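Engineer: Give me a model of this one.
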Amino acid sequence: MADSAMSLGQFTHDNTEAPTYTDRVLPLFNLYGRTAIVSGAGAGIGLAVAEALAEAGANVAMWYNTNKKADQEARRIAEVYGVKCMSPSFQAVLSQWPPIRCSAFSSASDSCGQLHS
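Structural biologist: Model (predicted):
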C-alpha cells in the first residue's frame, strides 16, 4: 500500500494538513474525500455515527460483529448521501483484532479510499 496512511500495519501520523483558517465553522466539518471506519455500525449509535459522517461527505467503512443488516444500511447510506459506503460491510470481531488488522484496513482502503489517522 504505497503512499497510504498505513505502514507495516500501523497508521502513519501527520499525513493530513491542518484546515485553512476561516471565520466559518461549517467548512471545518467537511469530510469530503476522507474515509471513516466505524465499528458497531450495524445499528444504534454506530449506525448513527456512520450516517453522520456520510452526511459530512466521508466515505464510510462499516464494521460490525453480528448485525447482518449492516450491508443493507451501507447500501442505503451510499445511495442517500452519494458516498462510498463499504458494502458488503466488514464483519469484525474486535477481540480478535491483531490477526485481522491488516486485512481489515486493506479492505476498507480498497473499498472506500485512502485512510487518514
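Engineer: What segments of this structure are helices?
Structural biologist: Using DSSP state H, the helices assigned to the chain run over residues 44-55, 70-81, 97-112.
Engineer: which of these has the lowest average pLDDT?
Structural biologist: When the helices of the chain are ranked by mean pLDDT, helix 97-112 comes last with a mean of 60.
Engineer: roughly how far apart are Ala52 and Lys68?
Structural biologist: 22 Å (C-beta to C-beta, to the nearest Å). Quick note: C-beta positions are derived from backbone N, CA and C, even for glycine.
Engineer: who has more neighbours, the two?
Structural biologist: Ala52 (16 against 11; other C-beta atoms under 10 Å).
Engineer: what bridges to Asn59?
Structural biologist: Beta bridges link Asn59 to Thr35, judged by DSSP bridges.
Engineer: is it true that it touches Tyr81?
Structural biologist: No. Between Asn59 and Tyr81 there is no contact under C-beta atoms under 8 Å: 9.7 Å.
Engineer: Comparing those two, which residue is more hemmed in?
Structural biologist: A direct count of neighbours by other C-beta under 10 Å for Asn59 and Tyr81 places Asn59 higher, at 26 against 19.
Engineer: Next one: the more buried one from Gly44, what distance?
Structural biologist: Taken as C-beta to C-beta, the span from Asn59 to Gly44 is 21 Å.
Engineer: Neighbours of Arg24, how many?
Structural biologist: Using other C-beta under 10 Å, Arg24 is surrounded by 6 other residues.
Engineer: any idea how far it lies from Cys85?
Structural biologist: With C-beta to C-beta as the criterion, Arg24 and Cys85 are 27 Å apart.
Engineer: residues of stretch 28-42 that come out buried?
Structural biologist: Neighbour counts over stretch 28-42 (16 or more other C-beta atoms under 10 Å) mark Leu31, Arg34, Thr35, Ala36, Ile37, Val38, Ser39, Gly40, Ala41, Gly42 as buried.
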